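I would like the atomic coordinates for the input below:
(one chain, ligands or ions: 1)
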Amino acid sequence: MIAPATIDRRAIEQVVRQVVLAQLNAAGGSSGAAERDAASKLVVSISARHCHLTDEHVEILFGKGRTLTPAKDLYQDGFYAAEETVMIVGPNKRRMLPSVRVLGPTRPASQVELAFTDSISLGIDIPVRPSGKIDGTPGCVLVGPAGVVELKQGVIRAERHVHMNFDHARQFGVQNGDRMSLLIESSCSVVLKDLLVRADATSKLEVHLDTDEGNAADVDHATRFELLKQ
Ligand SMILES: [Zn+2]
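As a prediction, the model looks like this:
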């Protein structure tokens, strides 16, 4: 009789790591420490104006029984840009943003995230809020191919923030809800203060800025990013 093999957990982890690294190398062409640190690499992303919708609003805007169609995966696992877009109409009804991307998955409350430049062109005075904290914020009208939704509230400029997992948070010495600064070295170097730390079990390390912040700091041509404890 053959004795059941003792499973060495560390050996298995090492094999899995090698397989994952081999796949990363095959996909990316480069090798070494960059891949090993891939999950901890600081990514700075610019979120262009977009909206989040409830299931109910998706059906009103795009048709009965319709769900969002994932078009492009976002950096954070499970999140995507949908094929669907909506028109956003401001309070004076003559100004609008014609094609605002919907991000998925759906949420319990619909929310529109704009840069200040967008809100000025729409004629709405919007507050800076963390995602989901929309009580008392202005509304707008959403227009889709199948219908119209009048949002009573939910138009915000999303507060700059950094996603991370609990391991990253420990390494930085911060906790969920704390604030950090982000150094951006570029043709327009800046230090952005008061990034909200959004730590959970699974997020990748990623800063979310809006187009006003990102373009002001020339993030697309930046040579260095560094998160600083404040
Ligand atoms: Zn985010």
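
what's around Val43, how many residues?
If you count neighbours by other Cβ atoms under 10 Å, Val43 ends up with 15. From N, CA and C alone the C-beta is placed, and that goes for glycine too.

centroid-nearest residue for the chain?
Closest to where the C-alpha atoms of the chain average out (Cα atoms, centre = their mean) is His208, at 5.8 Å.

go ahead and confirm that one touches Val43.
No: applying Cβ atoms under 8 Å, one finds His208 not in contact with Val43, separated by 9.7 Å.

ok, the residue nearest to the centre of the chain to Cys140 distance?
Distance, His208 to Cys140, by Cβ to Cβ, to the nearest Å: 21 Å.

cool, and Met87?
In this view, Met87 and Cys140 are 10 Å apart by Cβ to Cβ.

wait, what's in contact with Val112?
Val112 is in contact with 49-51, 88, 100, 140, 142, 151, 154-156, counting by Cβ atoms under 8 Å, 6 or more residues apart in numbering.

helix or strand for the residue nearest to the centre of the chain, which one?
In the assignment (DSSP states H and E), His208 maps to strand 206-210.

ok, back up a step: in strands, which of the contacts of Val112 appear?
Using DSSP state E, the members of these that fall in strands are 50-51, 88, 100, 140, 142, 151, 155-156.

give the PyMOL command for selecting the buried subset of those residues.
Paste this into PyMOL to select the buried members of these, with burial taken from 16 or more other Cβ atoms under 10 Å:
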select buried, resi 50+51+88+100+140+142+151+155+156
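
quick one: which of the ones in strands among the contacts of Val112 is nearest to Ser110?
Set against Ser110, the nearest of the ones in strands among the contacts of Val112 by Cβ to Cβ is Leu151 (5.9 Å).

how about residues contacting stretch 77-87?
Residues from elsewhere that reach stretch 77-87 (Cβ under 8 Å, 6+ apart): 50-51, 53, 58, 61-62, 68-74, 96-105, 142-144, 202, 204.

which residues in the protein form helices?
Assigned by DSSP state H, the helices in the chain fall at 9-28, 33-36, 55-62, 116-122, 166-172, 211-216.

which of the ones you listed has the lowest average pLDDT?
Mean pLDDT is lowest for helix 33-36 out of these, coming in at a mean of 44.

would you map out the domains in this structure?
Per the record, the chain has its domains at 48-157, 160-229, by automatic domain parsing.

contacting residues for the closest residue to Arg157 other than its chain neighbours?
Spatial nearest neighbour of Arg157, excluding adjacent residues (Cβ to Cβ, 6 or more residues apart in numbering): Val128 at 4.9 Å. By Cβ under 8 Å, 6+ apart, the contact set of Val128 is 156-159.

do Ala48 as well
101, 210-211.

tabulate these (a markdown table), appending neighbour count.
Shown next, in a markdown table, are the contacts of Ala48 (neighbours: other Cβ atoms under 10 Å):
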| residue | neighbour count |
| --- | --- |
| Arg101 | 17 |
| Asp210 | 24 |
| Thr211 | 17 |
